[in-house]
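# 3D model of this:
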Amino acid sequence: MATKTDVIVRPAMDVDAPALADFIKPFVEDGKLLPRTLDELADLLPLFFIAELEGRMVGCAALEVYSPKLAEIRSLAVAPDAQGMGIGKRLVAACLERARSRNVLEVMAITSADEFFINCGFDYTLPGEKRALFYQTRDNA
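Next up is the predicted model:
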């Protein structure tokens, strides 16, 4: 039986694009991730980390750095049969380590899984009671 220590988290490589597209497809269909073309994924690949278990992709996450002040964890997904093994936390940790190595001051996550990110050390506010506010410019259709 596979264990947490059998999971490998690594930066994505060019050869991962087709497998990544296949991996995220069910999450896109469920409305949990944004759709991406293969070309978009190829461009975004340097932002991604991949989690593998016994040679199979079981998770992914990306860190998009917007400026020295702000980055965002995006496209975090873990295969349903691999959840509960700490894979999501390891992917978040890899993203946070990348942010630290680039001296990014703040990392945000836009999510419907608040509890997960709180368990990873995220909070609703930043020091000084700063909050992120959003305005949607597209229709709510």
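
# Now do the SS call for residue 61.
strand (DSSP: H, G, I helix; E, B strand; the rest coil).

# dump the residue contacts of it.
Counting by Cβ atoms under 8 Å, 6 or more residues apart in numbering, residue 61 touches 48-49, 73-77, 88, 91-92, 94-95. From N, CA and C alone the C-beta is placed, and that goes for glycine too.

# give me that answer again for 6 Å
49, 76, 91, 95 (Cβ atoms under 6 Å, 6 or more residues apart in numbering).

# could you measure it against residue 129, distance?
To residue 129, residue 61 is 28 Å away according to Cβ to Cβ, to the nearest Å.

# What segments of the protein are strands?
7-11, 48-53, 56-65, 70-78, 106-109 (DSSP state E).

# how about those in a markdown table, adding distance to residue 35?
Shown next, in a markdown table, are the strands of the chain (distance: least, Cβ to Cβ, whole Å):
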| stretch | distance to residue 35 |
| --- | --- |
| strand 7-11 | 23 |
| strand 48-53 | 16 |
| strand 56-65 | 15 |
| strand 70-78 | 11 |
| strand 106-109 | 19 |
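
# Lovely, talk soon.
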